[in-house]
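Asker: this one's sequence-less:
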Ligand SMILES: Cc1ncc(COP(=O)(O)O)c(C=O)c1O
């Protein structure tokens, strides 16, 4: 039998409307069941490594399978092996918030199957991306003449896979801008690739010890040295670096013959949701026009949509050469959706512009048709803009604000319970949806016992999942609330489990 005979109908129908319906109809009930019984599943998969590997055929199957068989594989093999990020009591890392509109949009994106290499290859993708980026700027109170808007013709925004990708793009662009400006100061205009081969070994990027490790990775990729500053615990009860520290670090580096190139500041660190002292940085940015100031707000930037954070959003937009935040961590846009905003698009284009004969001629200077391939690393770009459009359009600005308020309200409710508890305490005053909690005022050994007890009480992730972290040698639990399905009653169950864990440790100690 030939391959063609073996495949039969499956080959000719693999991309027709009937086949699409068959796959969707087979899949939908599985997903409906999954969403309906999600809460009753253990948050973390209760299985040993190798389970999935053993469950799938060890060699590629020769013949085709039906849509029903495929849906059964998903239900029987994949779903039980998931760590359920959308579980109401998933409190680890930061959430990957999503929504039904985001999920359905992915089907549409895949069905369109159109790749956004450049405007001509998918005009809808480029133009929707511009539209939604400007919507996001509306949400975070950017003025109509903001340089970060595409319509300004100066800067703009684009969607990236993740914050990590955005950070790489920014630091590479910062390095090239540094060399470009240095060359201009010497009256040189390097041609071709020459700018990219310049010695960067003296160039420094400044960051805090609490900055996400993605920034250190990005600096490595960009070929920049890092100068890591130690954040201090401030009046807010959280950790931040300020302009005075940065000024001193810059002066010390210059004295050693190094060249400051970029600074990455935090709004919402991963460990404690700390915010660097941006107010003090505004003056420094004016003193140091050659430094690229990037603000990583991967998690917390989404909360700028609320009027009470309007001033923070304004400060970032005054200070930053570029900033990023994710549409997934707290904006219900689904993974992956990282927004990157740049003040000057020419800085990105100087680093990433590239083309060849087989590309369509472009009208790049038109506001409606920027060549986003020239702003960052990838050429082929997913049509994520349809997902962002779907979510923002279906929820509207008011819906998004209402969801954010709920997250902040629930987190504040839990914080108040911890503050009032005789057994637990807040290790750090963390804002937004993050709560940093430990057993009240005890040292190393009992705290370690407490964390082990929490692990046991959580059924190793069966009831809830939150990984311990550490700050200044003190271990604590990071409760990252704000998941799309997390409700106050889920937080209440977690709180009860934490208090019960303290009591169990205390009972063991008093029995000794
Ligand atoms: C502040 C911050 N920056 C960067 C990242 C990296 O995010 P991504 O997974 O989008 O690369 C994270 C991830 O949690 C983060 O919290």
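Answerer: Noted; the coordinates are in hand. Keep in mind the model is a prediction, meaning the values are calculated, not measured.
Asker: For residue 6, grab the count of nearby residues.
Answerer: 12 (other Cβ atoms under 10 Å). Where you see a C-beta, it was placed from the backbone N, CA and C, and this is true even at glycine.
Asker: tell me the SS of it?
Answerer: Secondary structure for residue 6, judged by DSSP: H, G, I helix; E, B strand; the rest coil, is helix.
Asker: low-scoring stretches of this structure, by residue?
Answerer: 10-12, 442-444 (pLDDT under 70).
Asker: Residue numbers of it in contact with the ligand?
Answerer: 93-94, 162-164, 212, 214, 268-270, 296, 298-299, 326, 338 (Cβ under 6 Å from any ligand atom).
Asker: hmm, try it at 5 Å
Answerer: Near the ligand, the residues belonging to the chain are 94, 162, 163, 164, 212, 214, 270, 296, 298, 299 when assessed by Cβ under 5 Å from any ligand atom.
Asker: Isn't the third one up against residue 324?
Answerer: Which is residue 163. Yes. Residue 163 is within contact range of residue 324, at 5.6 Å (criterion: Cβ atoms under 8 Å).
Asker: Overlap of the contact sets of those two?
Answerer: Shared contacts of residue 163 and residue 324 (Cβ atoms under 8 Å, 6 or more residues apart in numbering): 296, 298, 338.
Asker: And the first one, its phi and psi?
Answerer: This means residue 296. For residue 296, the backbone dihedrals (degrees, to the nearest 10) come out as phi -90, psi 110.
Asker: what does residue 336 give?
Answerer: The phi/psi pair for residue 336 (degrees, to the nearest 10) reads phi -110, psi 140.
Asker: My read is that it contacts residue 384, right?
Answerer: Yes. Counting by Cβ under 8 Å, residue 336 does reach residue 384; the two are 7.4 Å apart.
Asker: Settle it for me: which of those two has more neighbours?
Answerer: The neighbour count for residue 336 versus residue 384, taken as other Cβ under 10 Å, is higher for residue 384 (27 against 18).
Asker: ok, and the closest non-adjacent residue to the more buried one?
Answerer: In space, and not counting its chain neighbours, residue 384 is closest to residue 159: 4.8 Å by Cβ to Cβ, 6 or more residues apart in numbering.
Asker: mind checking the SS state of the one you found?
Answerer: Residue 159 is classified as strand under three-state DSSP.
Asker: Just confirm residue 426 is within a helix.
Answerer: No. Assessed with three-state DSSP, residue 426 is strand; it does not lie in a helix.
Asker: Now for it: which residues touch it?
Answerer: 237, 415, 418, 419, 435, 436, 437.
Asker: Tell me the buried residues in the helix or strand encompassing the fourth one?
Answerer: In this structure, residue 419 is located in helix 384-420 according to DSSP states H and E. Judged by neighbour count using 16 or more other Cβ atoms under 10 Å, the buried positions of helix 384-420 are 384-392, 395, 400-401, 403-404, 407-408, 410-411, 414-415, 417-418.
Asker: cool, and stretch 371-388?
Answerer: Neighbour counts over stretch 371-388 (16+ other Cβ under 10 Å) mark 371-376, 379, 381-388 as buried.
Asker: end to end, how far does that stretch reach?
Answerer: End-to-end distance for stretch 371-388: 19 Å, by Cα to Cα, to the nearest Å.
Asker: Measure how the helix or strand harbouring residue 493 sits relative to strand 424-428, angle-wise.
Answerer: Assessed by DSSP H and E, residue 493 sits inside helix 488-511. For helix 488-511 against strand 424-428, the angle by axes from the mean of the first three to the mean of the last three Cα atoms, to 10 degrees is 110 degrees.
Asker: now for helix 488-511, which elements pack on it?
Answerer: For helix 488-511, the packing partners by 3 or more Cβ pairs under 8 Å, 6 or more residues apart in numbering; DSSP states H and E come out as helix 384-420, strand 424-428, strand 434-439, helix 444-457, strand 474-480.
Asker: Dump these to TSV, plus distance to residue 80.
Answerer: Below are these laid out as TSV (distance: least, Cβ to Cβ, whole Å):
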stretch	distance to residue 80
helix 384-420	27
strand 424-428	33
strand 434-439	29
helix 444-457	21
strand 474-480	24
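Asker: and residue 347, which of these is closest to it?
Answerer: helix 384-420 (22.3 Å; Cβ to Cβ).
Asker: List phi and psi for residue 225.
Answerer: phi -70, psi 150.
Asker: buried ones in stretch 163-181?
Answerer: Quick answer for stretch 163-181 (16+ other Cβ under 10 Å): 163-180.
Asker: can you tell me which of those are in helices?
Answerer: 163-180 (DSSP state H).
Asker: about what we covered before: got the angle for the helix holding residue 493 vs helix 384-420?
Answerer: Per the same axes, to 10 degrees, the angle that helix 488-511 makes with helix 384-420 is 40 degrees.
Asker: contacts for helix 488-511?
Answerer: Taking Cβ under 8 Å, 6+ apart as the rule, helix 488-511 contacts 88-89, 91, 410, 413-414, 417-418, 421, 423-424, 437, 439-440, 446, 449-450, 453-454, 456-458, 463-464, 466, 477, 479, 481.
Asker: of these, buried ones?
Answerer: Buried, going by 16+ other Cβ under 10 Å: 88-89, 91, 410, 414, 417-418, 421, 423-424, 437, 439, 446, 449-450, 453-454, 457-458, 463-464, 466, 477, 479, 481, out of these.
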